[in-house]
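Student: please work out how this folds:
(6 chains)
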Protein chains: 4
Amino acid sequence: MRLSTRRRLDPEVRRLEIIEAAERLLKAAGPDVRVEDVVREAGAAKGTFYLYFPAWDDLLEAIRARLLGAFDAAHVLPPGADPKADWPRHIDRLAVAFVDGVVAMGGLHPVIFHSDFAQRRPIPAADHPVSRLTALIRKGQQAGAFARLDPAATGRLLFAVMHETADAVVEGDDRRKALAAMRWILGRTLAPEAA
Amino acid sequence: MRLSTRRRLDPEVRRLEIIEAAERLLKAAGPDVRVEDVVREAGAAKGTFYLYFPAWDDLLEAIRARLLGAFDAAHVLPPGADPKADWPRHIDRLAVAFVDGVVAMGGLHPVIFHSDFAQRRPIPAADHPVSRLTALIRKGQQAGAFARLDPAATGRLLFAVMHETADAVVEGDDRRKALAAMRWILGRTLAPEAA
Amino acid sequence: MRLSTRRRLDPEVRRLEIIEAAERLLKAAGPDVRVEDVVREAGAAKGTFYLYFPAWDDLLEAIRARLLGAFDAAHVLPPGADPKADWPRHIDRLAVAFVDGVVAMGGLHPVIFHSDFAQRRPIPAADHPVSRLTALIRKGQQAGAFARLDPAATGRLLFAVMHETADAVVEGDDRRKALAAMRWILGRTLAPEAA
Amino acid sequence: MRLSTRRRLDPEVRRLEIIEAAERLLKAAGPDVRVEDVVREAGAAKGTFYLYFPAWDDLLEAIRARLLGAFDAAHVLPPGADPKADWPRHIDRLAVAFVDGVVAMGGLHPVIFHSDFAQRRPIPAADHPVSRLTALIRKGQQAGAFARLDPAATGRLLFAVMHETADAVVEGDDRRKALAAMRWILGRTLAPEAA
DNA sequence: AATGAATGAGGTTTCATTCAT
DNA sequence: TATGAATGAAACCTCATTCAT
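Tutor: This is a model prediction of the structure:
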């Protein structure tokens, strides 16, 4: 079966090949992907998989880390608490980027974020995108641009709004309408108390 | 042989016994419950299970339908679009009831609403509690008590807020703070435009 | 593959069929028998095996219990401590029967009594054939027919002599010579102190 | 890259390092030691193992040879068949040394002498410690110190007695009692026929 | 001589579902 | 309608051994 000969790769490279093979398959076929499929796609043997990932869930964790890392890298927080900065705009950018990021993930998203795996291996708080949103809210508050609400609790709920928006778009809801509803909630929630 | 031990029951009764046995186990033990456990708890034989439920997922669907039905039954919409009715209050009651309902479900909730099953068998739109929230928003709007936002799109997102609030409480977040954040979002989002 | 249809058997019968199939294969092929082989030989499916034996070692335990049970059944201890009974003769019968029993076991014997399994799952003291030999020695002592040695410690070592004799015969040593050597040791060891 | 870390050793030295690493691990952890563990302990790479030992069993053979060699070296036979020599004493020394040697081996002993390996690769007759015991018996007979029994057959069985004594001590039996029982058997068995 | 990534056959085990009774 | 023994497809994982470097 194996046509080519044994490929000896740098571990980093091989690891990445496996991850990317899995991403490809999960994106296309959703949750019914098995170790066997991944190694076939990656051109590796079954044992090689377990050399890099002690268990299937560890692969999913690696994929999740990559996704979250990419999201983090793409959205650097504005440094200070500049009162003149357009804080609502920052929030909006973050939200839209998140939605579009999720949509681009295709079948990968439910597997990583809505499956039993997500229950078994919750995202470590530090890596969770909520922390980014919460930080942004906090900064905007310091700049006087947002209402004086509880950033952690509210951040979590607003992140849920973003996530649900993404799910809605993935399921075929009208993107424009979904984004509008999301923006309305974010805007109204964060708007500072009237003087 | 020992036909006598076969309990011949009214099918409805037998069906309910199985459902309730499953609810008990899932509430306590979460996702690791197997058909075998359920029938043992229900005092039935394995084959009997499949007489009532073509597949495991059908049992989960039945459980979900019961839960959603109970929620619906508990929260009858106020009939007309009475302008003098306290519409924010109605929303709040719905939300808090939902949160507490989810918390009371224990391990049942993730299995029914966050597992692979939830992906495989999405809730039919008509049964979805969102529709209830959406209807409430719509009525409140007609009464002039709410802003003129898109009820379907916004209802879905606000329902996600309620759901996330519940998850937060289940995970151990401070109930008071979580509810406060939820109320803030609901209130700010729905409040009518200032004259 | 499976030609005949699903065979529904009484659990006791099915269990025995599996045990006997395993005995047949182990006797013939020694230690390289796998679950897969056993179920094929027994005309059962793989899952059926695990219905009866949680693990491979449990099958071996069952086989061992059968062997030990058969040995016990075949050799009832003489009831009292009759001084006129021919005690050396009883010992001799036990020993020869044991040797011949082991030889008849063929490839079964090393697997059950000399493999890693034997280490992982030592024979419970109560079931061990040593206890039979020890009891016999004790009775003979009471009858004044044997020397006043430590029955437990000596019994264990004399049983090892019996076992080694059996191994020797299995390996092709001359049965007559091996038995003679065994008898010499047993006789000399147990003979009462000269008056 | 990093050729420098390759330790180029005298083959004999390297081979011994691997053997001793394995002995250390087997002594401590018994049968669950893997090639990987051994090479880690020896500071070598996996492939290096197979440069010195075609298969795992060959390592075990090498260990066994070392053990048997050490035993042989420690117990030189008295040269002639001196009638005045204390032959029973020689036997006793051999036996006690053997027992204590086995006890000192710890987890090494079952792996080398009671595992599947012992079946797959029986000890070559020439290297077997039985031959030493047999030779001693033979010499004692020539000196008239022992009974006129079959040295080969009896030697094998008496060696089994020694071995079982060691096992008993390893398993926690009282050393004094076990040795006493062993001595009794050896003494009675070998004692010359009364004139 | 040395390395260590790669292999893949093998083994154990699980459990939803089927079906003979 | 009820039973529960039987099924078998997967899934998971291990580790001795190989071989490209």
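
Student: and the residue at minimal distance from the centre of chain A, how far from residue C:15?
Tutor: Closest residue to the average C-alpha location of chain A: residue A:68 at 4.7 Å, with Cα atoms, centre = their mean. Distance, residue A:68 to residue C:15, using Cβ to Cβ, to the nearest Å: 52 Å. Placement of C-beta: from N, CA and C, glycine included.

Student: show me which residues of chain A sit near chain C.
Tutor: Contacts of chain A with chain C, taken as Cβ under 8 Å from any Cβ of the partner chain, are absent.

Student: run through the residues of chain A sitting next to DNA strand F.
Tutor: Residues of chain A lying near DNA strand F by Cβ under 7 Å from any atom of the strand: A:5-6, A:8, A:32, A:34-36, A:46-47, A:50-51, A:54-56.

Student: want to throw these into TSV with secondary structure?
Tutor: What follows is the residues of chain A next to DNA strand F, written out as TSV (DSSP: H, G, I helix; E, B strand; the rest coil):
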residue	secondary structure
A:5	coil
A:6	coil
A:8	coil
A:32	helix
A:34	coil
A:35	helix
A:36	helix
A:46	helix
A:47	helix
A:50	helix
A:51	helix
A:54	coil
A:55	coil
A:56	helix
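
Student: in TSV, list those along with neighbour count.
Tutor: Output for these, formatted as TSV (neighbours: other Cβ atoms under 10 Å in any protein chain shown):
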residue	neighbour count
A:5	6
A:6	7
A:8	6
A:32	10
A:34	10
A:35	16
A:36	10
A:46	12
A:47	8
A:50	14
A:51	14
A:54	10
A:55	10
A:56	16
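
Student: least confident pick among those?
Tutor: Lowest-confidence member of these: residue A:5, scoring 72 (pLDDT).

Student: pull the CA atoms of the helix or strand hosting residue A:139 into PDB?
Tutor: Following DSSP states H and E, one finds residue A:139 within helix A:129-142. Output of helix A:129-142 as PDB, limited to C-alpha atoms (Å, rounded to 0.1, in the frame of the first residue of the first chain):
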ATOM      1  CA  PRO A 129     -10.700  34.400  23.500                       C
ATOM      2  CA  VAL A 130     -13.000  35.700  26.100                       C
ATOM      3  CA  SER A 131     -10.000  37.000  27.900                       C
ATOM      4  CA  ARG A 132      -9.200  39.200  24.900                       C
ATOM      5  CA  LEU A 133     -12.700  40.600  24.800                       C
ATOM      6  CA  THR A 134     -12.700  41.200  28.500                       C
ATOM      7  CA  ALA A 135      -9.300  43.000  28.300                       C
ATOM      8  CA  LEU A 136     -10.600  45.200  25.600                       C
ATOM      9  CA  ILE A 137     -13.700  46.100  27.600                       C
ATOM     10  CA  ARG A 138     -11.600  46.900  30.600                       C
ATOM     11  CA  LYS A 139      -9.300  49.200  28.600                       C
ATOM     12  CA  GLY A 140     -12.300  51.000  27.100                       C
ATOM     13  CA  GLN A 141     -13.800  51.400  30.500                       C
ATOM     14  CA  GLN A 142     -10.600  53.000  31.700                       C
END
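
Student: figure out how far the next helix or strand after it is from the centre of its chain.
Tutor: Next along the chain after helix A:129-142, taking DSSP H and E as the criterion, comes helix A:151-170. Chain-centre distance of helix A:151-170: 12 Å, with Cα atoms, centre = their mean, to the nearest Å.

Student: the helix or strand following helix A:151-170 near chain B anywhere?
Tutor: For helix A:151-170, the following helix or strand on the C-terminal side (DSSP H and E) is helix A:175-190. Yes - contact between helix A:175-190 and chain B, assessed by Cβ under 8 Å from any Cβ, occurs at A:177-178, A:180-182, A:184-185, A:188-189.

Student: these into CSV, with extra columns for neighbour count, distance to residue D:105 and pLDDT?
Tutor: Shown next, in CSV, are those (neighbours: other Cβ atoms under 10 Å in any protein chain shown; distance: Cβ to Cβ, whole Å; pLDDT from 0 to 100):
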residue, neighbour count, distance to residue D:105, pLDDT
A:177, 15, 78, 98
A:178, 24, 73, 98
A:180, 16, 78, 98
A:181, 27, 75, 98
A:182, 26, 72, 98
A:184, 18, 78, 98
A:185, 28, 73, 98
A:188, 18, 78, 97
A:189, 24, 73, 98
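
Student: which residues touch the residue nearest to the centre of chain A?
Tutor: Counting by Cβ atoms under 8 Å, 6 or more residues apart in numbering or on different chains, residue A:68 touches A:123, A:127-129.

Student: any of the residues you listed buried? List them.
Tutor: A:123, A:129 (16 or more other Cβ atoms under 10 Å in any protein chain shown).

Student: now the contacts of residue A:68 in CSV, with pLDDT and distance to residue B:134?
Tutor: Below are the contacts of residue A:68 laid out as CSV (pLDDT from 0 to 100; distance: Cβ to Cβ, whole Å):
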residue, pLDDT, distance to residue B:134
A:123, 95, 30
A:127, 92, 34
A:128, 95, 29
A:129, 95, 27
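
Student: now the helix holding residue A:139: buried residues?
Tutor: For helix A:129-142, using 16+ other Cβ under 10 Å, the buried residues are A:129-134, A:136-141.

Student: show me how far that helix is from its chain's centre.
Tutor: For helix A:129-142, the distance to the chain centre is 17 Å (Cα atoms, centre = their mean).

Student: from the contacts of residue A:68, list the ones also adjacent to DNA strand E.
Tutor: Filtering those for proximity to DNA strand E by Cβ under 7 Å from any atom of the strand leaves nothing.

Student: no more questions from me, cheers.
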